[in-house]
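> okay, predicted coordinates and the sequence, questions at the end:
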Amino acid sequence: MARSSHYLNRLRWSSLLLLGSFLLLGAPLSAGENSHHKLGNGLNVTIISPENVMEMTSKTADGKLLFNLADGQSYQFVEGMSDPQITNKGDGRFHPFDEDLVIKALSAIDVGGRAMNLSVNVYLLPLPRQGFITSSACGADIFLSPGVYEISFAACAYSVVHELGHVFQSAYLPDGSSEAWPAYLKLRGIYDDPRYVETAPHASRPAEIFAEDFRFLFGGAEARSSGTIENAQLCLPDAVTGLREFIVGLVPIEPAVATAPSARPTLVVSNYPNPFNPVTTIRASLSGVPAGSARDADVAVYRVDGSLVKHVFHGIASGDELSVRWDGTDGRGGESASGVYFYVVRCGQTRATGKMLLVR
């Protein structure tokens, strides 16, 4: 996108947001193709612009604005600064992330010079989502929530690299893995510590600690310009002996061939019954995924806010179909509440997401 065009688009978005709901203005938004970027560090990035996000919205009968993903997942948008969830009103309008700065931040990531070989979808949200205002990641999707002030490069790099850390962990260090994840927790000094569990406050959740470690160690000068991590009770990642080497070692030494998302094999996933109470079976067709090392697979269940509920499978998939049961429990064996959940199936570097409803 040319700078002049980008500047005009930003002015246009600012004006629209000041007036309120996009869909009620009657002025059409200029949407186009998503942009694709193949970066030198092995990241294949698809950027979904604010305009294109708005093309993915609909209005409910009672006037709520929904952001609808292709896999069936939907989020309700916050449509104005008057919403009580927006505690900091900033300069009175929302500021989406700048695409150029996002790509710059992702390009600066350097995991020991190794190619990460990850395909990532980055949504530049024009409005925050109801229930969780901040940015988040789920599987290979990153959702960047707008700021209440113009977003600086340092702030952009902080958020973008942190969320990419979640994508990296999902691919290379799933927290249900039998050996690698406990090895990380022991190295970090938080293994079997009740203060650091999935249900802990945000900054004390192990997945969040890993994302912060990733940002601080590999995100470049701007990403770590604060000189801190979210959990101030933990020592800085560069003071943990062997931590950098451990994470770098998760990525294969041989350079990986970066592949555009459209060229990757496709997983077909489903679950039955749906809705369910309390057990459902998640199935994935693996016929489009090459056999061999790529058959390493895992299945994880997430809440609508992107937080992990449970890893229900991690191992080697055989045959053309993977089938696993989820009994509605979390990683500690507790019952999950009624509601919508999402499952992410990974086989090699290929992922697919499904939506399911638990009704108790």
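That came in fine, so what should we check first?

> contacts, neighbours, all on C-alpha from now
OK.

> now do the helices in the stretch 51-200 of the chain.
Assigned by DSSP state H, counting those that start in this stretch, the stretch 51-200 of the chain shows helices spanning 99-107, 153-172, 180-188.

> which of those helices sits most buried?
helix 153-172 (a mean of 23; mean count of other Cα atoms under 10 Å).

> picking that back up, can you put the helices of the stretch 51-200 of the chain in a markdown table and add mean pLDDT and distance to residue 53?
Converted to a markdown table, these look like this (pLDDT from 0 to 100; distance: least, Cα to Cα, whole Å):
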| stretch | mean pLDDT | distance to residue 53 |
| --- | --- | --- |
| helix 99-107 | 96 | 13 |
| helix 153-172 | 95 | 18 |
| helix 180-188 | 91 | 35 |
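
> with distance to residue 249 added, can I get those helices in a markdown table?
As requested, the helices of the stretch 51-200 of the chain are exported to a markdown table (distance: least, Cα to Cα, whole Å):
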| stretch | distance to residue 249 |
| --- | --- |
| helix 99-107 | 20 |
| helix 153-172 | 10 |
| helix 180-188 | 11 |
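
> for residue 312, find the nearest of the ones you listed.
For the helices of the stretch 51-200 of the chain, proximity to residue 312 was assessed by Cα to Cα; helix 153-172 is nearest, at 13.6 Å.

> can you dump the C-alpha atoms of the closest one in CSV for me?
Taking Å, rounded to 0.1, in the frame of the first residue of the first chain, the C-alpha atoms of helix 153-172 are listed here in CSV:
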residue,chain,number,x,y,z
PHE,A,153,6.1,1.3,16.6
ALA,A,154,7.3,0.2,20.0
ALA,A,155,3.8,-0.5,21.2
CYS,A,156,3.0,-2.2,17.9
ALA,A,157,6.1,-4.4,18.2
TYR,A,158,5.3,-5.3,21.8
SER,A,159,1.8,-6.6,21.0
VAL,A,160,2.6,-8.2,17.6
VAL,A,161,5.6,-10.2,18.8
HIS,A,162,3.9,-11.3,22.0
GLU,A,163,1.0,-12.7,20.0
LEU,A,164,3.3,-14.3,17.5
GLY,A,165,4.9,-16.0,20.5
HIS,A,166,1.6,-17.7,21.1
VAL,A,167,1.5,-18.9,17.5
PHE,A,168,5.1,-20.1,17.8
GLN,A,169,4.3,-22.0,21.0
SER,A,170,1.2,-23.6,19.4
ALA,A,171,3.4,-24.9,16.6
TYR,A,172,6.7,-25.9,18.3
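
> packing partners for that helix?
helix 99-107, strand 136-138, strand 141-144, helix 206-218 (3 or more Cα pairs under 8 Å, 6 or more residues apart in numbering; DSSP states H and E).

> residue 267: which of the helices of the stretch 51-200 of the chain is closest?
Of all the helices of the stretch 51-200 of the chain, the one in closest proximity to residue 267, counting by Cα to Cα, is helix 153-172 (15.4 Å).

> got the angle between that closest one and helix 99-107?
50 degrees (axes from the mean of the first three to the mean of the last three Cα atoms, to 10 degrees).

> could you report the neighbour count for residue 144?
25 (other Cα atoms under 10 Å).

> let me see the contact set for it.
Counting by Cα atoms under 8 Å, 6 or more residues apart in numbering, residue 144 touches 96-97, 122-125, 134-136, 159-160.

> quickly list what the residue nearest the centre of the chain is bridged to.
Closest residue to the average C-alpha location of the chain: residue 137 at 1.5 Å, with Cα atoms, centre = their mean. Taking DSSP bridges as the rule, residue 137 bridges to residue 142.

> how near is it to residue 273?
The gap separating residue 137 from residue 273 is 27 Å, by Cα to Cα, to the nearest Å.

> do residue 175 as well
Residue 175 is 27 Å from residue 273, by Cα to Cα.

> if you count surrounding residues, which of the two has more?
residue 175 (21 against 15).

> residue contacts, that one?
Residue 175 is in contact with 169, 181-182, 207, 311, counting by Cα under 8 Å, 6+ apart.

> mind doing that once more with 6 Å?
Contacts here follow Cα atoms under 6 Å, 6 or more residues apart in numbering; on that basis residue 175 touches residue 181.

> pLDDT below threshold where in this structure?
Within the chain, the stretches with pLDDT under 70 are 1-32, 176-178, 253-266, 287-295, 319, 349.

> quick revisit: which one of the helices of the stretch 51-200 of the chain lies nearest to residue 89?
Among the helices of the stretch 51-200 of the chain, if distance is taken as Cα to Cα, the winner is helix 153-172, at 17.4 Å.

> touching that closest one from outside, list them.
Outside helix 153-172, the residues touching it (Cα under 6 Å, 6+ apart) are 105, 137, 139-140, 211-212, 214-215, 219, 222-223.

> now the two most distant members of these.
139 and 222 (24.8 Å).

> neighbour count winner among the two?
Using other Cα under 10 Å, the more surrounded residue of residue 139 and residue 222 is residue 139, with 23 against 18.
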